[in-house]
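Asks: Here is a sequence with its predicted model. Questions after.
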Amino acid sequence: MQPSERPRVAHFSSGPCAKRPGWALSALADACVARSHRSKPGKAKLAEVIERSRTLLGLPADYRLAIVPGSDTGAVEMALWSLLGARGVDVLSWEAFGKGWVVDLAQQLKLADLRVFDAPYGALPALDAVDGGRDIVFTWNGTTSGVCLPDGDWIPADRQGLTICDATSAVFAVELPWPLLDVVTWSWQKVLGGEGGHGMIALSPSAVARLESHVPAWPVPKLFQLAKGGRLIEGIFKGETINTPSLLAVEDALDGLRWAASIGGLPALIRRVRANDAVIDDWVKRTAWVDYLAASPSIRSPTSVCLRLADRTLDARAQALVAAGIAERLEREGVACDIGAYRDAPPGLRLWAGATVEAGDLTALTPWLDWAYGEARAAPGLAA
Ligand SMILES: Cc1ncc(COP(=O)(O)O)c(C=O)c1O
């Protein structure tokens, strides 16, 4: 039987993610559109994004925070291009985005001294193999496999190298051990549900020291430059972005940050994520047809929940067909949008359960998932 109750909001995409509860276009009414981003009000909006993000996250006072081009990818690649080459590099990868950073390091920057610690979808690589004498590049929360680092206990506190962390699906959703992270990047469209646009990059004093002492052996495009002539480019930490941002997207980033502060800040965001995780976990535990892609609970992402079909009688092709059938049916019904697994990931489903998603909407979604599975599994052309 088709369930009768629908989620109030059908947005479960893993990026751009759901808007905060109650969002409407009118939230952008105060956007500084058609003005120069270098005008006084334009710059003030950009500076407010930096200050509000810093406060909400409780960034250490000596960390610098900038708005940079190219969303999270821009922020990560800016760090790789600007900082690396001074030491050997260890890179950890376990899903599509981390695997992409490996390609950057091996094939674009062609680092001579590179160690790759890779794991298949669903697992984490051996974390204790990394060396604090080297730079370490990794993703905190693997959006495409639903595998998230449980903590930073494996990161040497007395390291000489830098830690460069793509935290776009983690920041504002889980606790991050800031003193162990020298470079942290994220975008606007994930946990706070903003519009995509510019990215954010946080730098520790060690990262700043590297920027001011190290000249990369490769060209660094203007778009990626964080330092010039041995000095940090100060403007980008005050809202003087390198290239032109969308001031509509800036307003939306501010809306998300204001909402987060209004509900109680980071602890409240984390509580919402945990409540969402509990709803999904309760359903997975009592549902025979579905399981997590993550191999164990301790490494499971609470925001980007990747699910696989538990029915071992289905081959890979049939699993992909059933999963696609579920996603298509639920989108058609207006119940859940964009819940198919990432294109490079094993077949399955992916539900975003970050802070802007309401637990009640996930509760309403689960009977629909069961219904859609029944329909898709019974479709002609699948083996019994
Ligand atoms: C872990 C991770 N890294 C990088 C990206 C790319 O982010 P963006 O589109 O903001 O550049 C994503 C997008 O989903 C992601 O999940």
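Replies: That came through, no problem.

Asks: which residue packs closest to whichever residue of the stretch 251-384 of the chain sits closest to the ligand, ignoring adjacent ones?
Replies: Of all residues in the stretch 251-384 of the chain, residue 304 sits closest to the ligand, at 7.2 Å by Cβ to the nearest ligand atom. (C-beta placed from N, C-alpha, C; glycine too.) Nearest non-adjacent residue to residue 304, counting by Cβ to Cβ, 6 or more residues apart in numbering: residue 143, 4.4 Å away.

Asks: got the contact list for the one you found?
Replies: Listed by Cβ atoms under 8 Å, 6 or more residues apart in numbering, the contact partners of residue 143 are 14, 15, 95, 97, 168, 169, 301, 304, 342.

Asks: ok, 10 Å please
Replies: Going by Cβ atoms under 10 Å, 6 or more residues apart in numbering, residue 143 touches 14-15, 72, 95-98, 166, 168-170, 190, 301, 303-304, 306, 342, 345, 350, 352.

Asks: count of neighbours near residue 269?
Replies: Using other Cβ atoms under 10 Å, residue 269 has 23 neighbouring residues.

Asks: Name the nearest residue to it, sequence neighbours excluded.
Replies: residue 355 (4.1 Å).

Asks: And what about that neighbour, helix, strand or coil?
Replies: coil (DSSP: H, G, I helix; E, B strand; the rest coil).

Asks: who touches it in this structure?
Replies: Per Cβ under 10 Å, 6+ apart, neighbours of residue 355: 17-18, 20-21, 172-173, 190-193, 256, 259-260, 263, 266, 268-273, 275-276, 303.

Asks: list the buried ones in stretch 369-384?
Replies: For stretch 369-384, burial by neighbour count (16 or more other Cβ atoms under 10 Å) applies to 369, 370, 371, 372, 373, 376, 377, 382.

Asks: make that stretch 60-74, sorry
Replies: Within stretch 60-74, the residues scored as buried using 16+ other Cβ under 10 Å are 63, 64, 65, 66, 67, 68, 69, 70, 71, 72, 73, 74.

Asks: is it possible to export those to JSON lines including pLDDT and distance to the ligand?
Replies: Below are these laid out as JSON lines (pLDDT from 0 to 100; distance: Cβ to the nearest ligand atom, whole Å):
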{"residue": "63", "pLDDT": "98", "distance to the ligand": "20"}
{"residue": "64", "pLDDT": "98", "distance to the ligand": "20"}
{"residue": "65", "pLDDT": "98", "distance to the ligand": "17"}
{"residue": "66", "pLDDT": "98", "distance to the ligand": "15"}
{"residue": "67", "pLDDT": "98", "distance to the ligand": "13"}
{"residue": "68", "pLDDT": "98", "distance to the ligand": "11"}
{"residue": "69", "pLDDT": "98", "distance to the ligand": "10"}
{"residue": "70", "pLDDT": "98", "distance to the ligand": "6"}
{"residue": "71", "pLDDT": "98", "distance to the ligand": "3"}
{"residue": "72", "pLDDT": "98", "distance to the ligand": "3"}
{"residue": "73", "pLDDT": "98", "distance to the ligand": "3"}
{"residue": "74", "pLDDT": "98", "distance to the ligand": "7"}
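
Asks: what's the spacing between the closest residue to residue 97 other than its chain neighbours and the ligand?
Replies: Distance criterion Cβ to Cβ, 6+ apart; nearest residue to residue 97, sequence neighbours excluded, is residue 139 at 5.5 Å. Residue 139 sits 5 Å away from the ligand, going by Cβ to the nearest ligand atom, to the nearest Å.

Asks: Which residues of this protein lie near the ligand?
Replies: 15, 71, 72, 73, 97, 139, 143, 166, 168, 169, 187 (Cβ under 6 Å from any ligand atom).

Asks: Surely residue 42 and residue 246 touch.
Replies: No: taking contacts as Cβ atoms under 10 Å, residue 42 lies outside contact range of residue 246: 11.2 Å.

Asks: what do the two both touch?
Replies: residue 33.

Asks: More neighbours: these two, which one.
Replies: residue 42 (20 against 16).

Asks: Okay, and the more buried one sits in which element?
Replies: helix 40-57 (DSSP states H and E).

Asks: which strands and helices sit next to that helix?
Replies: strand 64-68, strand 183-187, strand 199-203, helix 247-262, helix 265-285 (3 or more Cβ pairs under 10 Å, 6 or more residues apart in numbering; DSSP states H and E).

Asks: Rounded mean pLDDT for the strand or helix carrying residue 371, please.
Replies: Per DSSP H and E: residue 371 is located in helix 359-377. Mean pLDDT, computed over helix 359-377, is 98.

Asks: So which elements touch that helix?
Replies: helix 265-285, strand 290-292, strand 304-309, helix 316-332, strand 349-352.

Asks: and residue 150, which of those is closest to it?
Replies: Each of these has some distance to residue 150 by Cβ to Cβ; the shortest is helix 265-285, at 13.4 Å.

Asks: Just the buried residues of that closest one, please?
Replies: Under 16+ other Cβ under 10 Å, the buried positions of helix 265-285 are 266, 269-270, 272-273, 275-277, 279-281, 283-284.

Asks: and residue 48, how many neighbours?
Replies: Other residues close to residue 48 by other Cβ under 10 Å number 16.

Asks: For it, which residues are in contact?
Replies: Residue 48 touches 239, 250, 253, 254, 257, 258, counting by Cβ under 10 Å, 6+ apart.

Asks: Pipe the residues you listed into a markdown table and attach pLDDT per row.
Replies: Shown next, in a markdown table, are the contacts of residue 48 (pLDDT from 0 to 100):
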| residue | pLDDT |
| --- | --- |
| 239 | 97 |
| 250 | 98 |
| 253 | 98 |
| 254 | 98 |
| 257 | 98 |
| 258 | 98 |
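
Asks: Thank you kindly, that will do.
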